[in-house]
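J.: Okay, here's the prediction I keep looking at, along with the sequence it came from:
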Amino acid sequence: MEDGFKTVSIIGVGLIGGSFALALKNKGLADKIIGYGKNEERLKRAKNLAIINQFTTSLKDAALADLIVLATPLGVFEKIVSDLAEFLKKGTVVIDVGSVKEWVVERIEKILPSGVHFVGTHPIAGSDKTGFEYARAELFEGAKVIITPTERTDKSALEKISILWKKVGADVEFMSAKEHDRVYALMSHLPHLISFCMVNAVSEIDRNLINYAGSGFKSFTRIAKSSPELWGDIFILNSDNILECLSIFCDQVEEIKKLIKERNLDELKKCIEKAKNLRERIS
């Protein structure tokens, strides 16, 4: 297949992995899609839903693919790739869909054998829902996908993966892993952290008050329904960038707290207006 891969293994058939599998099938970019996981019953269900063509609980079998997609939580990437490495054939391309790139790229490039190519990717798409039951082929249509090549990235593999993401409808952008982690600490990781804290604040005050949540609270905290396994890994593996952003956020909280204490209405309005104007730049 010129722009696709004959056989693709999805390591972790969840929302993103499942959606990628459906997108590949929908666009005719893979002849066979193998789902790997530890829960055989879940894998059987994914096959019955026609998300994957076949499944395995053996990494040795999953390694016999032209494209390997790492779609598990970040914390197990290193172990999975280490276990896969001895079985991978030359020419195989490995990609990930993780939200942290510098830690991932550094470790995976060191583990993979010569002739096996790694391309770090991060689709800016998803949901507060988890599991392949919520997977959909159009998830990446119009979504941004950040690709983070390094000096070691094979140019042919990079081009093929870039084309693949474009074929499933994504808007591809290239960025260094370091810059990616700085950007998404602010634009993704910090908002999730704040959302978790907001809901936990309700729990600390009176958890029964959650029954009075209106549309504003529901919209603001929708992402607090996200996976603890996924987000725990992200917070730890991009901790330096997140802590830097969190410090700036806390300064903003202290500033608005001060204005409220001082009953400084004019400055409060300016603070709100500043945020309103910037927010209106996105849909």
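T.: Noted; the coordinates are in hand.
J.: ok, Leu15 - contacts?
T.: Gly126, Ser127, Lys129, Thr130, Gly131, Phe132, Tyr134, Ala135, Leu139 (Cβ atoms under 8 Å, 6 or more residues apart in numbering). Heads up, the C-betas are built off the backbone N, CA and C, glycines and all.
J.: And for the fourth one, nearest residue in space, chain neighbours not counted?
T.: Right, Thr130. Distances taken as Cβ to Cβ, 6 or more residues apart in numbering put Ser227 closest to Thr130, at 5.1 Å, once the chain neighbours are dropped.
J.: what's Glu173 sitting at in phi/psi?
T.: Taking degrees, to the nearest 10, you get phi -140, psi 140 for the backbone angles of Glu173.
J.: I'd like to know how many residues surround the closest residue to it other than its chain neighbours.
T.: For Glu173, ignoring the flanking residues on the chain, the nearest one in space by Cβ to Cβ, 6+ apart is Ile146 at 5.6 Å. Per other Cβ atoms under 10 Å, the neighbour tally for Ile146 reads 23.
J.: So Ile146, which state does it fall into?
T.: strand (DSSP: H, G, I helix; E, B strand; the rest coil).
J.: What separation is there between it and Leu15?
T.: Remark: distance between Ile146 and Leu15 (Cβ to Cβ, to the nearest Å) = 18 Å.
J.: Repeat that for Ser82.
T.: Ser82 is 25 Å from Leu15, by Cβ to Cβ.
J.: again, but for Tyr184
T.: In terms of Cβ to Cβ, Tyr184 sits 18 Å off from Leu15.
J.: go on, Pro123?
T.: Pro123 is 11 Å from Leu15, by Cβ to Cβ.
J.: which residues do these two both contact?
T.: Leu139.
J.: where are the low-confidence patches of the chain?
T.: Within the chain, the stretches with pLDDT under 70 are 1-3.
J.: for it, what spans make up the strands?
T.: Applying DSSP state E to the chain gives strands spanning 5-11, 30-36, 54-56, 67-70, 93-96, 117-123, 144-147, 171-174.
J.: In a markdown table, list those along with distance to Val202.
T.: A markdown table is the format used below for the strands of the chain (distance: least, Cβ to Cβ, whole Å):
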| stretch | distance to Val202 |
| --- | --- |
| strand 5-11 | 36 |
| strand 30-36 | 38 |
| strand 54-56 | 40 |
| strand 67-70 | 35 |
| strand 93-96 | 34 |
| strand 117-123 | 31 |
| strand 144-147 | 32 |
| strand 171-174 | 36 |
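J.: now for those strands, which one comes closest to Ile234?
T.: strand 117-123 (11.1 Å; Cβ to Cβ).
J.: outside of that closest one, which residues touch it?
T.: Residues contacting strand 117-123 (Cβ under 8 Å, 6+ apart): 16, 20, 91-99, 101, 104-105, 108-109, 112, 139-140, 143-150, 153-154, 156-158, 161, 165, 170, 177, 180, 184.
J.: measure Ala30 to Asp61 for me?
T.: Counting by Cβ to Cβ, the gap from Ala30 to Asp61 is 16 Å.
J.: So for the two, which sits in the more crowded spot?
T.: Neighbour count, other Cβ under 10 Å: between Ala30 and Asp61, Ala30 has more, with 24 against 15.
J.: The more buried one is in contact with Ser9, isn't it?
T.: No: look at Ala30 against Ser9 with Cβ atoms under 8 Å: they stay out of range, at 10.1 Å.
J.: overlap in contacts of these two?
T.: The contact sets of Ala30 and Ser9 overlap at Leu67 (Cβ under 8 Å, 6+ apart).
J.: what helices or strands is the lengthiest helix in the chain leaning on?
T.: In the chain, taking DSSP state H as the definition, the longest helix is helix 239-261. In terms of contacts (3 or more Cβ pairs under 8 Å, 6 or more residues apart in numbering; DSSP states H and E), helix 239-261 is packed against helix 190-206, helix 265-279.
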